[in-house]
Every structure is written in C-alpha cells, then in structure tokens.
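Trainee: just the structure for this:
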Amino acid sequence: MTDSSDLRDAPLSAPPARPLPATAATTASAAGAATASSATTASTATATAASSATATAAASAVPAAGATSAAASATAASAISAVSAVSAAAASSFSAAGAATARVVLLTGPSGSGKTRLAGRSGLPVLRLDDFYKEGDDPTLPRLGTAVDWDSPGSWDADAALRAISDLCHHGTATTPRYDIARSARTGQEHLDLAGSPLFIAEGIFAADIAARCAALGLLADAICLRERPTTTFRRRLLRDIRESRKPLPVLLRRGWRLLRAEPALVARHRALGAHPCTHEEAASRITRLRTTAAPAPRADA
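Mentor: So this is what the prediction gives:
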C-alpha cells in the first residue's frame, strides 16, 4: 500500500524535464487525432481484457512467509510466462495507437519501503497505483483465512492501472479513482495531467506486475524495486498505518509480522518480474538520469 515516512528529505536535484519533440500524433488534424484516440481506447481494452487472464497466475506467485528468494523466483516464473503471452498480444493491439509522448517509471517495493516519499521528492508527476485497489465488497477479492488478502495482486485492478498509464503516455492526462484504504472503498475520481512532462512515476506494491506489459507497449522507462532492511520497513509501515488509522491494531501487527518474514522473497519476486532492486540513493540517481534523457521508448516489437 502507499508508503509515507516520518523522515524529512530535500527534493532530488535534477534539471527540468525537457519536452519531447512534436510527433505525428500531436500534429495530426482533429479528425486524425480523434481516430488515434479511438484506436488507443479500443486497443487498451483489448490488451487489458487479455491481461485479466494472468491475474490468477500472478496472485499464485506471491511468496509465502518464510519462502526463500530462490523459491520466490521460481514461483514467479509461472506468472512471467503468462504475462509474456499477454505482452505480445498487448503490443500487437496497440499497433494503431500512435507514438507515446511520455514514459513511465514503475516504482515498487515492500509496503513501508518509502515509495511515496521517493516519488514525491522526484519532482515528477506521480500516479498512485494504490488507488486501483478493488473495493471491499468485490467478490473477486482473494482471501487469507477469513480476511481479505490485500497483499495479493488479486486485490488490485491491474487492467484499470494499465489503462491509466496508457492514457498518460499517449494523451498526457488520465482520470483515476480516489481510494480510501481505511474504508476499503473508492471515494471519487481525480484528474492527473502531466503538463508536458515526458516522464512520470507510477508507484505501488504491485507495480512490477505490469512491467512486462508496459515494456511490450513501449511505455516503460524503468522499473525499480526499493530494498531496505526488513526491520526498517516493518517500523515505517507500522508507524504509518497507526498514524493513518488504516486498520485495527491487531490486524496491523499480524500483517506486519507476516510481511517482515516474507520480505526477502517478495523482493526476489519483484526482481523476477523485471524490477531492479536498489537502495533509495541508487533509485534517486536512476530517476535523475532518466529526467535528462527522457524520450519515448521504441516499441518492444519494433
């Protein structure tokens, strides 16, 4: 879930993002732009409909508490295989969508690793992937005993998140849900505008689950997994969740202990899905470098 921290940091030092050169998509006639927009919408729907078939495989690849890193990597292989097939279909379905004018940095990591803090310091527009959680009464939510397993990818609407990323990359704007974690419910909508930025961050614990699809569509600039000591993320997560009254304290303690034990395997799973594990300092450096060279990525099938 979305991270925050009690630590105060200065913004990252980076030059202003440079606007991309004009493309055929941005200089087309109104009729042509409308056609491209329709093609993007239709192809996104095709790609995300296909991706729903991988939800079960991705959910089953979540490491159990105490699992080894090697076991997590092996378990993630089934999800990667399924995602690869969807990636090819997604790239094909976007053949008429036009060139992207922005790219996304997917920022993931265990809950409490500082994703939101780092994204906020970057100076880039930020898409909060936690806003794409399913609502608490959704019958498709995965269970952990008698409770909802909010740490499973099955609790999250990957298709809607991918549509929002595609809209931002192709059109520079997207309408996204606003989610209240304490209520497990969507409470409204928000409008995100890149304001001409050729780069933006999408952060959340499930970001790596859509890395292959974003790459296949030519939308991915980088995929990063923040890695800290498990005890550090446990402390940050617990303090944040208590401060924000996210869930009852017994729930927070049980979840925190489970995630503490599962953290090494979780990082290994994110690596297997295509995210680069690194410290905050390395992640900040990677993002800063991207800001100086931001440009649309070539399509994976080009």
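
Trainee: ok, which stretches of the stretch 51-200 of the chain are strands?
Mentor: 103-108, 126-128, 143-144, 147-148, 173-180, 185-193, 199-203 (DSSP state E, counting those that start in this stretch).

Trainee: elements contacting the last one?
Mentor: Meaning strand 199-203. Strand 199-203 is packed against strand 103-108, helix 115-121, strand 126-128, helix 158-171, helix 280-293, with contacts defined by 3 or more CB pairs under 8 Å, 6 or more residues apart in numbering; DSSP states H and E. Every C-beta, even on glycine, is put in place using the N, C-alpha and C of the backbone.

Trainee: touching, residue 119 and residue 203? I think so.
Mentor: Yes - in this structure, residue 119 is within contact of residue 203 by CB atoms under 8 Å, at 4.6 Å.

Trainee: which residues are common contacts for these two?
Mentor: 107, 126 (CB atoms under 8 Å, 6 or more residues apart in numbering).

Trainee: residues near the nearest residue to residue 178 once chain neighbours are set aside, how many?
Mentor: The shortest distance from residue 178 to any non-neighbouring residue, by CB to CB, 6 or more residues apart in numbering, is to residue 188 (4.5 Å). Look at residue 188: counted by other CB atoms under 10 Å, it has 8 neighbours.

Trainee: ok, now how distant is residue 188 from residue 168?
Mentor: 19 Å (CB to CB, to the nearest Å).

Trainee: ok, residue 142 next?
Mentor: Distance from residue 142 to residue 168, by CB to CB: 28 Å.

Trainee: returning to what we had before: out of the helices and strands packed on strand 199-203, deepest packed?
Mentor: strand 103-108 (a mean of 28; mean count of other CB atoms under 10 Å).

Trainee: and that strand, what other elements does it pack with?
Mentor: helix 115-121, helix 158-171, strand 199-203, helix 211-216, strand 220-226, helix 280-293.

Trainee: what strands line up against that strand, and which way round?
Mentor: strand 199-203 (parallel), strand 220-226 (parallel) (DSSP bridges).

Trainee: what's in contact with it?
Mentor: 115, 118-119, 124, 127, 165, 168-169, 198-208, 210-211, 214, 219-226, 270, 275, 283, 287, 290, 294-297.

Trainee: any stretches of this structure with poor pLDDT?
Mentor: Along the chain, segments meeting pLDDT under 70 span 1-97, 295-302.

Trainee: can I get the helices and strands packed on strand 103-108 in JSON lines including distance to residue 252?
Mentor: Shown next, in JSON lines, are the helices and strands packed on strand 103-108 (distance: least, CB to CB, whole Å):
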{"stretch": "helix 115-121", "distance to residue 252": "18"}
{"stretch": "helix 158-171", "distance to residue 252": "25"}
{"stretch": "strand 199-203", "distance to residue 252": "21"}
{"stretch": "helix 211-216", "distance to residue 252": "29"}
{"stretch": "strand 220-226", "distance to residue 252": "21"}
{"stretch": "helix 280-293", "distance to residue 252": "24"}
